[in-house]
Each structure stands twice: as C-alpha cells, then as structure tokens.
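>>> Model the following, please.
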Amino acid sequence: AEKYDQAIDLYKQLIFEKSRDWEVYIELANVYLTLKDYHNVFETLIEIPYQELDESSQIYLADLYAYYKHYETAQEIYENYLEKHSYSTNVYRKYSNMRMWSKDEKISSEILDKITYFYSQKDEVLDVLAKDYIFARRFDEAIKTYKHLIQRSKKDDPCYLIELGDIYLTLDEKGKAIEYFQKAYGIDPFDDKLKRKFALTLAWSDMQDRALPLLEELFEKNRKDQIVGIELIRAYVLERKERKAIKVLTKLKKTFPKSPFVLMEIGNMYARLGHALEAREVYQNLLNSTQYNGNIYFNYADVMRLWGEYYEAEKIYRKDLEQNPDNRETKFKLAWLLVNMKRYEEAEQIYKTFIFQKNNLGKAYYRLAKVKLLQRDLEQALSFANKSFVINPSDKNILVLSEALAKNNKKDEALSLLDEIESKRYRKQAAYQKGKIYLAENKKLAIDVFKKSLELYPDNIELYFYANFDKIKNEEFKNTLVIRAKNAEDLTKIAWNYSENNLETEAIYFFEKAIEKDEKYYPAKFGLAQNLAMNNKIEAVKDFDVLLKDFPEDYQILLWKARVLGWTKHFKESIEVYNILRSLNPNDPQIIREKARVAAWDKNIDLSLETYDKALNFSVDLKLYENLIPLSHEIEDINFKRDFDSLKNMPFYFGYERIKNNLNRYNLSKDQERLLEKALLKNVAKFNIQKSIYLERKAKYAYYRMHYIEANAVYKELIDFFPSNEEAIFDYAQTYCHLNLCNKARPLYQILVDDFNHSRAKIALERNKIKADPFFRFAHEFFQEAGRGDLDRVKRNRTDFNFGYYFSCKNLVTFTAHRWTEEPTYEKNTQIKDVENLKDITYDAYGYSIDFETTFSKYIGTSLGFRQKYYLKKFNTTNLGHLFLWFRA
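Modelled structure (predicted):
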C-alpha cells in the first residue's frame, strides 16, 4: 500500500516484541531497500546472525560493508563466497576492486541498486540461461529462473517441471524433486521417461509402496533396464516379496551376466536373506575380477555389517572420505557404523558438523535423536527429534519423536502422534510401537491394541506374538509360532522377543528352530551365541569359535567372545581376545574401556589403569592448541589468551573444557566465535572420550581401594556426562549397596534391566529385592566353657526366632523371641559337697527384643534396640537397651 512509515513503525514494534525473529528484520530491510535507504538497510542486516542470511543477501551485506568502509569484514564475506563459487566473476570483480568502487559514489549506487533479478522477455533465452546456471552449479539462480518462467507463463510446462525436479535431485532434496516430477507426470502420465524419473525418485526416497506399481509397469515394458530392475528388486524385498525379487534378479542375471551392478545386487540379495558367506563370496569374486571400482567397495562395506566386520567397513568409508571429504552419504554411513560399535562420541561429532550446513540438517537431527535414545540421554533425544520433525514432519520423524516422547513419560502425546502416520511402510511400525507403549502401562489394553493391529497386518509375526502375550509360555502357542513363521528371519524375531521378556529357554529354542529352517541364516547363528553370552553361559565361546572359522578377525564375533569370557570370570582369556581387537584397531576407545574393565574385575588394577591411559596419552588440549594458533593472533580478549596459553600445560581435557565453558564470556566478533566453535567441534569427540575415560579410571581406582564415597561421587559425575555407560551405572549402584543405601541402588539396577537387558543387573536387583523382603529367621547357638576348676564351667543354649520387616528398603525393624538355657557343669574331683543334688539342674529364661537399624546417608546411620529377659528361677527380670550412632569417614 506504499505506507512505508507505518510499515516501518509496525516492524520495529514486532522487533521489540520478538527480538530474535530474523524474518521480521529481513522484511524491514526490504522496506528500507525499496526506499533506497541503504544506511538503515545496513543497520538492520548487521543485527541478523550471518548464517541466517542466504548467499545473495550475504554478498549484498558485503557490498554494504565495503560501501561503509568496513573492508576487512567485506573481504572475509567475499572470500567465503568465492571459496564455494569460484566462477562468480561479478563477486570477484567487486572483491578485487572493493576499495576503488566504494570511493566512487556513482558506481557504488549502481552496484547497490542491483539487488533484484532481471529477466529476458523470451522463454527460450531464459531456458538457456537456466541451463547455463545448472552447468555452472549455480542452482539457486537456476531454480529462481525456472520458477519465474512457470509463473510468467501461468501454466505448468512439463519440461520446466522436470528440470526443477532434476535440480532438486542433484541437491539431494528428494521431497521437492518428487513434488515436481509428480506434477509433470500428472500432465503426461503416458511418457515412460517421465514415469521412470518419478518411480526411481520415489524408490530412492524410501517410498517403495508408491514406487512399486510404476516400477513393475516399466520393467514389464523394458526388461533390459538394469536400474529399474534393481530398484524393483529392492522394493520387493522391502515389501517382503522375496520370491518376486529373486525372479526379477534371475532375469537380470541372464540378460547381464557380467554386469557389476547385477552381481552386486546378487550379493545384496544374499545379504538380505542373511546368507553371509555367500554374500561375501560374491563381493570378493567381483573385487578380484574387475578393476578398482569405488562403488563395489562402498556397497561391500554396507554388506559387511551383516556379519559384523566393522573395522574393514570403517577403513573403506574413511578411504572414501579421504578422496571425497564432502561426501555426505559416506559421512552418514560411517557415523552409523560408529554407533553400532558404541563409539557414540565420534558419531556425534560427524552428525554435528551438519549443523553448520543447510543440507541434510534434518537427517542429522534424526540420527542424533536415535543416538541419544541409545545413550539414554532422553532430554537431548527429545530435543533433536523435535528439531528433525519441525524441519520435516515425515512419518519416519514422527516415529522417532513419538519414541522420544514415550521415553520422557509423555505417552499421550506419543500415541496421538503415531495416529498421524500415513504411509503403509511406517504404519506397521507405528502399530507395533503403540502396543509397546501400552504394554508398559496396561498389559490387557496392550494385547487388545496388538490384536487390532494384527487384523490390519496378519502376516506380522511380532504383532502376533504380542497379541497373544498372555499365552507365550504355552507349549501349544510355541508350536503355532513355529508353523506361522514364514522363514528363519521370523523365527529369529520371535527368539529376540522371548529374550526381551527374560524367557531365555524359549529364546534359545527359537534361535535353534531358525537355524534348522535355514542353516545359512547368519543372524540366527550369531543371535544364539550372543543370547547365551548375555546370560553368562560359557558355552557361547564354542559357538563364537565356530563362526570365527568362517570369519576370522571379525570385530563383532571377537568382541562378544571377549565379553562372555570376562562375564564368566575367564579374565586372562578375555584380555587375550581384547588384545587381538586392539591389534586390529589400537585407537578404538570402546575396546580400551572394555579391556580395562576386565582387568579391574580380575583385581589387576595396574593393567586396568595402564589400559585406560592408552586413551589419555595425547591430550585433546594439545590438539585444540594447534588448531587455535591462527585464530589466537586475531583475538585480543585477555581471558581467552590466558585460557589459550594454558592449553599447553593442562593435563588431559581440562583446558578444552575451560574454553568451552567460557565461550560466552569472551569478547569475540561473530566470525571469531563461529571459528572457535568450529575448532571445538573438530575436537569434541576426543574431548568426550578423554573425559569419560578419565572419570571411569578415577572411579574404578577408588572402588578398588574400597573408597566407596569417593567412587560414588565420581560415578555420579561420569553418568551425568555419559548416560549410556552401563558399567558406570552398575558400579554406581554397587557403591550404594556397600554404603547400606539399597533404596538408591535399586532404581539404578532397574534402568539397566529395562534399557539394556543387563544380566548382572537382573541378578543384583533380584538379590536386592530378596534382601529387602519381610523374613522369618530361626537360629540356635550352643556354647560350652571349660572354666577354671569349678569356676565358670557352663553349657549354654540359646534359641532365637526373628521376624524382620524392611520399609523404604534401608530401614529394618526386627522382633525377636529368645529362649536361654544354662546348665552348670562340675569337675571330676569337685570340692562342692552337694554336687549330686546340683547336677542336671538347668536355668531357663525367656525374653523378647525389638531392634531398629537405618542408614541416613553415605556418612551417618544408627541402630537402637530394647530387650526384656524373664528368668524362671529366682532371678529378677532384666531390661537392656542400646543406641548406636555411627559415622563413616
């Protein structure tokens, strides 16, 4: 309405109310831009954090910095832009002539006026221009040009829609690519090329249920289309239609007997069927028969996960990143592989690098949410899940958000979110997740929910298991499960469901049935050995040794063998296996932790401390010092300089932590702060590893010396910092037991049982509960004293009958009924004259006592009691009482 003054006043009011709503600032800057009030444009834009501006706005801001003689800031923005877009002659010219043009008022005004885009009147010219932008990888300009073309023509031209779809596919924004391909396909559904683009993009976006009918039509028309055939196979597998997948694969193999892509898919098919040996053989033959092909190695690394050869997969991913450091897909694969190895710190560092990037931010938040759920860092898990959902409210993100909500005891919100899931693929998972949420609260209601879900998905074996949860111990039901299971995979799923519900005999039975059904099915063979190991059965070692014959030096098999040897107190043999793992990868912090723990269990504290020290040898502070040397010359803040200089002398991680904690106190420019944050992020994994290992080492040593108060405090700090450390949680609970505070130990054991299915914690929790149960106790004592001559010769019998009752676990009240019998005895040549009359006389007494014991804290406790004793012959009743107050130093 061109009422600019009123608009400016309203925007200023909005800024006053919402000081961090950057869109308001941008709109206010646009009003000033319309008025060519460049000073106010500049003053408004500099309030906005640099990363909130798009690239064209950043360049415009650099122009303004140059115009107002802030050359250093302008230079840095130009240089950052030119690092990414070295083709941009316009920006390069401005950068090189910055001081000259900023002094010439006329040229300056011309440059500042060129903030808007100008378009040709001819569509053909614009189409060529857009294609030139694509060739120069200036995708934002290409998108704007095509959108302008579509808007101007007021009709959707399929050619322009396809071009837009292709650009978004190049940018890995598959959701937007699908949107434009779908529009184009709607205009011309008989164009097979267009149908192919649409179908493949759906398949690559994990929308196989939508892609499948289109892929079937395309493959029926052209059976020589390898890519369509391969995606059709993958879609069939995900839809659990393995027979159809094998049929298509057989056709492709006949048509393309030497195609590496088809051979890779054969290897992948074996992997999906769980046939690890066959999958490995296909890939190794392929690698030996073809020239180096990164694609084959990359796919082989993915397949290796089946049998747990994680170190080899890690080498392949890292080698790919050396050659292509910006390969986002490889970074995500490597990070999730590290998660599988419980190397959470390193994985988290990779995911957090995406926070500084626009692309894949939602995916990074999704994965961080999954990691934090595994680590039991539930608040952080919910925060990341929510961020992922805000960026993209997809079904996959709804699932992880609902899981995080449920774990944070927001179950109603979780259940209502699950109802919003639309796609067929995720509805099945949502139904299962919903039932599990109800199961924790109300078993009967959960069974009803599972039964309703089973009506929708009658083939789902896990839904069938939980829909009959009240019958799972029934022999007839177990036989029905065996018949109903379609394959070894279904039987293995049942086995793990039994294991999850602490029914180990049944779990082993179903693992064995899975192997019987398909003797090549690796997950069942490894699952059986792993299940035995989890229940501290030494027999697991034999099973692991059999697997090692086929897969020598396999990370996962060796790791579980080492674990079960440690858990069954074969400590030296366990340490030998950990040494093999360390020879394969000396820098794996999880192996260092686990070996050190086994040495501590063996009371070999010197070896334990020496092993922990392997991870502390090269301080993260020195690494951070090296990274910050260039930046330290620019920063003048005295506090920073002091903290920076101290990095050289700080042991372990203390200097890093000090800088991290003081970051907001330093007087830094925005760019300096951003560079400092990047340096911290670059070393965050090493910091987290060193801090967690240092604290664990300190706690273990205090525990070994039986300094339980000190160990308790350090374990508390360690768990707050690293919530998924099962060893720390268990030892923390044990310290409370040593300090007679079983009420504080019990919830910690429960965490381990609920979240980690921890077998030792199950035993400890059971013992803890048994010790705290009400009890009856019967005791009899016999005592005989020879005396000195006729003095002090006595036989004494005492019988007690106790009833004890605990309340709040640590408080014990005991009621006891007593009976005493004393009988004097005499020397053979006694001097007592009437000894014959005295012999066989006994002195009986009865009594009762009431006792109370409690522990107030780690440092103080008390016990008090009262006893009354009734003598049956000639003696008075006696009353006794006591009060003890103890202190622990």
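
>>> just checking, what packs against the longest helix along the chain?
Scanning the chain for the helix with the most residues, using DSSP state H, yields helix 684-704. For helix 684-704, the elements it packs on are helix 344-353, helix 589-601, helix 605-614, helix 620-632, helix 654-662, helix 708-721, helix 726-738, judged by 3 or more C-beta pairs under 8 Å, 6 or more residues apart in numbering; DSSP states H and E. For glycine as for every other residue, the C-beta is placed from the backbone atoms N, C-alpha and C.

>>> SS state for residue 537?
Here residue 537 takes the coil state, with states given by DSSP: H, G, I helix; E, B strand; the rest coil.

>>> now do residue 804
What three-state DSSP gives for residue 804 is strand.

>>> Now it: closest residue in space, sequence neighbours ignored.
Spatial nearest neighbour of residue 804, chain neighbours left out: residue 814 (4.4 Å); criterion: C-beta to C-beta, 6 or more residues apart in numbering.

>>> Remind me which helix or strand that neighbour belongs to.
Per DSSP states H and E, residue 814 falls inside strand 811-824.

>>> any idea of the mean pLDDT for the next helix or strand after that strand?
Proceeding N to C from strand 811-824, the next assigned helix or strand is helix 835-838, under DSSP H and E. For helix 835-838, mean pLDDT rounds to 78.

>>> List the neighbouring strands of the next helix or strand after helix 835-838 plus their orientation.
Remark: after helix 835-838, the chain's next helix or strand is strand 843-855, criterion DSSP H and E. If you go by DSSP bridges, strand 843-855 pairs up with strand 811-824 (antiparallel), strand 860-871 (antiparallel).

>>> Now strand 843-855: buried residues?
Across strand 843-855, burial judged by 16 or more other C-beta atoms under 10 Å covers 843, 845, 847, 849, 851, 853-855.

>>> Can you give the distance of it from its chain's centre?
For strand 843-855, the distance from its own C-alpha centre to the chain's C-alpha centre is 54 Å (C-alpha atoms, centre = their mean, to the nearest Å).

>>> Check stretch 784-795 too.
For stretch 784-795 - counting by C-alpha atoms, centre = their mean - the centre lies 71 Å from the chain centre.

>>> of all the buried residues of strand 843-855, which comes closest to residue 668?
Set against residue 668, the nearest of these by C-beta to C-beta is residue 855 (50.2 Å).

>>> pretty sure that closest one contacts residue 812?
No: contact criterion C-beta atoms under 8 Å: residue 855 and residue 812 do not qualify, at 9.8 Å.

>>> With residue 649 as the reference, measure out to the spatially most central residue of the chain.
Centroid check for the chain by C-alpha atoms, centre = their mean gives residue 371 as the closest residue, at 1.7 Å. Going from residue 371 to residue 649 by C-beta to C-beta, to the nearest Å gives 34 Å.

>>> buried stuff in the strand holding residue 814?
In strand 811-824, counting by 16+ other C-beta under 10 Å, buried: 812, 814, 816, 818, 820, 823-824.

>>> Is residue 620 in contact with residue 680, as I believe?
No: using C-beta under 8 Å, residue 620 makes no contact with residue 680, being 10.1 Å away.

>>> Identify whichever of the helices and strands packed on helix 684-704 lies nearest to residue 793.
Residue 793 lies closest to helix 726-738 among the helices and strands packed on helix 684-704, at 43.2 Å (C-beta to C-beta).

>>> quick one: contacts of that closest one?
593, 597, 696, 699-700, 703, 706, 708, 711-712, 715-716, 718-719, 722, 742, 744-746, 748-749, 751-752, 756, 758, 760-761, 764, 768 (C-beta atoms under 8 Å, 6 or more residues apart in numbering).

>>> switch the cut-off to 7 Å
Residues outside helix 726-738 that contact it (C-beta atoms under 7 Å, 6 or more residues apart in numbering) are 597, 696, 699, 703, 708, 711-712, 715-716, 718-719, 742, 744-745, 748-749, 751-752, 756, 758, 760-761, 764.

>>> Make a ChimeraX selection of the buried ones in those.
Buried residues within the contacts of helix 726-738, by 16+ other C-beta under 10 Å, are selected in ChimeraX with:
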select :597,696,699,703,708,711,712,715,718,719,742,744,745,748,749,751,752,756,758,761,764
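
>>> could you give the mean pLDDT of the strand holding residue 814?
The pLDDT scores in strand 811-824 average 93.

>>> got it, and stretch 859-868?
For stretch 859-868, the per-residue pLDDT averages 94.

>>> Just want the angle from the helix or strand containing residue 880 to strand 843-855.
Assessed by DSSP H and E, residue 880 sits inside strand 878-887. Using axes from the mean of the first three to the mean of the last three C-alpha atoms, to 10 degrees, one finds that strand 878-887 and strand 843-855 are set 20 degrees apart in direction.

>>> Kindly point out the strands partnered with strand 878-887 and how each is oriented relative to it.
Here strand 878-887 has these sheet partners by DSSP bridges: strand 860-871 (antiparallel).

>>> List the buried residues for the strand it pairs with?
861, 865, 867, 869.

>>> Can you tell me what sits against the helix or strand hosting the residue nearest to the centre of the chain?
Here residue 371 sits within helix 361-374, counting by DSSP H and E. Helix 361-374 has contacts (C-beta under 7 Å, 6+ apart) with 332, 335-336, 339, 344, 347-348, 351, 354-355, 380-381, 384-385, 387-388, 391-392, 397, 400, 403-404, 407, 724.

>>> Can you give me every residue that contacts residue 615?
Counting by C-beta under 7 Å, 6+ apart, residue 615 has contacts 589, 592, 689-690, 693.

>>> now do residue 536
567-568, 759.

>>> So what does it look like in phi/psi?
Dihedral angles of residue 536 (phi, psi; degrees, to the nearest 10) stand at phi 60, psi 40.

>>> for the one 5 residues further on, same thing?
Geometry field for residue 541 lists phi and psi as phi -60, psi -40, criterion degrees, to the nearest 10.

>>> pretty sure it contacts residue 564?
Yes: assessed by C-beta atoms under 7 Å, residue 541 is found in contact with residue 564 at 6.2 Å.

>>> okay, those two: which has more neighbours?
Remark: of residue 541 and residue 564, residue 564 carries more neighbours, 26 against 20, as counted by other C-beta atoms under 10 Å.

>>> Find the nearest non-adjacent residue to the more buried one, please.
Residue 564's closest residue in space is residue 533 (C-beta to C-beta, 6+ apart), at 3.7 Å.

>>> Could you report the separation of that neighbour from residue 567?
7 Å.

>>> Likewise for residue 594?
11 Å.

>>> again with residue 648
Residue 648 sits 43 Å away from residue 567, going by C-beta to C-beta.

>>> Likewise for residue 471?
32 Å.

>>> which of the two has more neighbours?
Neighbours per residue, other C-beta under 10 Å: of residue 471 and residue 567, the larger number sits with residue 567, 20 against 15.

>>> In contact with the more buried one, which residues are there?
So, once contact is read as C-beta under 7 Å, 6+ apart, residue 567 ends up touching residue 536.

>>> So what touches the strand holding residue 880?
By C-beta under 7 Å, 6+ apart, strand 878-887 touches 859-869.
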